[in-house]
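Student: Here is a sequence with its predicted model. Questions after.
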Amino acid sequence: MNILDTRFDDVKILEPQIFEDERGFFQENWHQNKFKKNIADVDFVQDNYSRSIKGTLRGLHFQQQQPQGKLIQVLAGKIFDVVVDVRSDSATYGQWFGATLSAENYRQLWVPAGFAHGFYVLSNTVDCLYKCTNFYHPESEVCIKWDDPELAIDWPLSQAPLLSDKDARGINFSSLFVAV
Ligand SMILES: Cc1cn([C@H]2C[C@H](O)[C@@H](COP(=O)(O)OP(=O)(O)O[C@H]3O[C@H](C)C(=O)[C@H](O)[C@H]3O)O2)c(=O)[nH]c1=O
């Protein structure tokens, strides 16, 4: 597996080893011992799987209590995946990083707890699978506006994003502490 650094010390792009032959391909998309040894000593407790149509933007979400680390992978299609540092004591608080994850590049993104997460769908549809280090805790979920002017995320929009009602009502980043 290749491990690529990002602007955040503990956010990593992973390139699993792909075993291709005349039948297709095989990959280990997660191995507990290798992940604990090489990436982060965490345990995953919940897998999520979402399908979205082109132009969907899901996020930016994080859980104030029971924060989740996430290992994100695209099984089909392509997304622009974004994380925002919401650790109030971080030198990179309020900064963002984006990466293109696709079934073609096999790339995964490891995002530890302390980051808001969201993605924009670039392909006609996308199937996204991700492992979480904590259970869903909707009571403490925070939704930050995808187009917050302070974050100024450079989404590769080809059209106005399709948002859930919840995401359309996201809060401003600047009100984060007030809100939570
Ligand atoms: C996240 C989640 C949702 N749900 C239920 C709640 C709703 O009835 C339905 C859709 O939930 P939501 O609109 O919050 O789904 P997304 O907009 O894809 O939310 C996710 O979006 C970004 C990309 C993330 O990183 C988070 O994993 C997650 O917040 O699934 C559950 O039952 N369990 C869960 O863990």
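Tutor: Arrived safely.

Student: near the ligand, which residues of this protein show up?
Tutor: Proximity of the chain to the ligand, by CB under 6 Å from any ligand atom, involves residues N48, S50, R58, G59, H61, K70, H117, G118, F119, Y136, S164, K166. Every residue, glycine included, has its C-beta placed from N, CA and C.

Student: Counting neighbours, which of these end up buried?
Tutor: Among the residues of the chain next to the ligand, those classed as buried by 16 or more other CB atoms under 10 Å are R58, G59, H61, K70, H117, G118, F119.

Student: close enough to count as contact, K54 and L122?
Tutor: Yes - the pair K54 / L122 is scored as a contact, 7.3 Å apart, by CB atoms under 8 Å.

Student: The residue nearest the centre of the chain: which element?
Tutor: Nearest to the mean C-alpha position of the chain, counting by CA atoms, centre = their mean, stands H117 at 4.5 Å. With elements taken from DSSP states H and E, the one containing H117 is strand 115-121.

Student: by contact count, what packs against that strand?
Tutor: When contacts are defined as 3 or more CB pairs under 8 Å, 6 or more residues apart in numbering; DSSP states H and E, strand 115-121 packs onto strand 57-63, strand 70-76, strand 78-85.

Student: just to revisit the earlier point, could the buried ones among the residues of the chain next to the ligand go into JSON lines alongside pLDDT?
Tutor: Below are these laid out as JSON lines (pLDDT from 0 to 100):
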{"residue": "R58", "pLDDT": "98"}
{"residue": "G59", "pLDDT": "96"}
{"residue": "H61", "pLDDT": "98"}
{"residue": "K70", "pLDDT": "98"}
{"residue": "H117", "pLDDT": "98"}
{"residue": "G118", "pLDDT": "98"}
{"residue": "F119", "pLDDT": "98"}
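
Student: Now for those residues: which two are most distant?
Tutor: Among those, the pair separated by the greatest distance (CB to CB) is R58 and K70, at 12.3 Å.
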